[in-house]
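Q: fold the following.
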Amino acid sequence: MNWKTIFAIALASACLGADEPPGGGRDTISQISVINALMVGRYDGEASIAELLKLGDFGLGTLDHLDGELIVLDGRAYQVRGDGAIVDVPPDRSTPFAVVTPFDVDGEFPCPRVASLTELEERLNKTLAGRNAFVAIKIRAKVDSITLRSVKRQEPPYRPLDEVAKSQSMWTHRNVSGTMLGVRSPSWVGNLTVPGYHWHFLSDDHKVGGHILDVRPVEGRVQYDLTRDWDVRLPASADFDAAELNRDLSRELKRVESSRGDAPPK
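A: Below is the predicted model:
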């Protein structure tokens, strides 16, 4: 598959038109496509899972056809399906949007005991440096409760993501141990990726997982990887080139990232 690579330092204005070798540096956040493409319904896969794992051993995203939540942890890829089941992702599956990095620990500290995901993010902001850089965050923790979501596989013609999210599946679990995977992106990223925090979760027994809507950690350990290189890989497809990506979809994105939708927790 051919790729064009843009670098964040140019905010996508400097397109490098040549094929790039797989993998960036150890301090690179690598991203497949841009978030606005996902928001407007570009759900076809743009990079294989085999290609993605060459770029990083830690991260999150989704799968082709918006088929659930994608988790990359310790070099393995997992799918949280719309019914809540968690399966290993084969290397020939693909992703329309994902963010990964080779996770190197730059620092760590105890996870604060807080009452909500919002409070956790506020506490992390007081501790983590580099507000204009990217931070990959791994929290191995016991949680008193966690509310998660996933979405079911979509078929063409695809609906926009904020419409699909209204029928998302949700679950609340109690007394679970596992790993919170987060990426904090700077506020200036605009329509290219998710500004602020983006969280997924995978339990130690691989029976509970998904996109985190809320959480109450009891104890745990925060590890973080501060990253200043951002590699955005644009798909070379007519469908991507035809997409209207310059709209401000920040309000819709915020609803998708944090809303509990219309369905009750299961």
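Q: going forward, measure contacts and count neighbours with C-alpha atoms only.
A: OK.
Q: all helices for this structure, in order.
A: Ranges of helices in the chain, per DSSP state H, are 35-39, 49-55, 117-127, 161-164, 238-242, 250-258.
Q: quick one: contacts of the longest one?
A: Spelled out, it's helix 117-127. With contacts defined as C-alpha atoms under 8 Å, 6 or more residues apart in numbering, helix 117-127 is touched by 112, 114, 197, 213-216.
Q: make TSV out of the helices of the chain and add distance to Thr179.
A: TSV is the format used below for those (distance: least, C-alpha to C-alpha, whole Å):
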stretch	distance to Thr179
helix 35-39	24
helix 49-55	19
helix 117-127	14
helix 161-164	26
helix 238-242	33
helix 250-258	19
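Q: in terms of pLDDT, where does Cys15 sit?
A: You'll see Cys15 listed with a pLDDT of 34.
Q: among the helices of the chain, which is the most enclosed?
A: Greatest average neighbour count among the helices of the chain goes to helix 35-39 (a mean of 23), per mean count of other C-alpha atoms under 10 Å.
Q: which helices and strands sit right next to that one?
A: When contacts are defined as 3 or more C-alpha pairs under 8 Å, 6 or more residues apart in numbering; DSSP states H and E, helix 35-39 sits against helix 161-164.
Q: still on that earlier bit, which of the contacts of helix 117-127 lies closest to Lys138?
A: Nearest to Lys138 among these, counting by C-alpha to C-alpha, is Tyr197 at 12.3 Å.
Q: so how many other residues sit close to that closest one?
A: Using other C-alpha atoms under 10 Å, Tyr197 is surrounded by 17 other residues.
Q: what pairs with it across the strands?
A: As for beta bridges, Tyr197 partners with Arg184 under DSSP bridges.
Q: same question for the one 4 residues further on.
A: Phe201 has the following beta-bridge partners by DSSP bridges: Met180, Gly210.
Q: wait, it sits on Gly178?
A: Yes: counting by C-alpha atoms under 8 Å, Gly178 is a contact partner of Phe201 at 7.1 Å.
Q: who has more neighbours out of those two?
A: Neighbour count, other C-alpha under 10 Å: between Phe201 and Gly178, Phe201 has more, with 28 against 19.
Q: contacts only, for that one.
A: Contacts for Phe201 (C-alpha under 8 Å, 6+ apart) come out as 71, 148, 178-181, 208-212.
Q: could you redo the last one with a cut-off of 7 Å?
A: Residues near Phe201 by C-alpha atoms under 7 Å, 6 or more residues apart in numbering: 179-181, 209-212.
Q: ditto for Asp214
A: Asp214 neighbours (C-alpha under 7 Å, 6+ apart): 116-117, 146-147.
Q: look up how far Val143 lies from it.
A: From Asp214 across to Val143, the span is 11 Å (C-alpha to C-alpha, to the nearest Å).
Q: equivalent analysis for Glu119, please.
A: Separation of Glu119 from Val143 (C-alpha to C-alpha): 14 Å.
Q: before we move on, what about Asp231?
A: Distance from Asp231 to Val143, counting by C-alpha to C-alpha: 33 Å.
Q: with Val100 instead?
A: For Val100, the distance to Val143 - C-alpha to C-alpha - is 24 Å.
Q: show me where pLDDT drops low in this protein?
A: Scanning the chain for pLDDT under 70 picks out the ranges 1-24, 259-266.
Q: report the buried residues of stretch 183-203.
A: 183-186, 190-203 (16 or more other C-alpha atoms under 10 Å).
Q: same check, this time on stretch 167-185
A: Using 16+ other C-alpha under 10 Å as the test for burial, stretch 167-185 gives 168-173, 176-185.
Q: what sits up against stretch 97-109?
A: By C-alpha under 7 Å, 6+ apart, the residues outside stretch 97-109 that reach it are 26, 28-34, 38, 55-62, 221-226.
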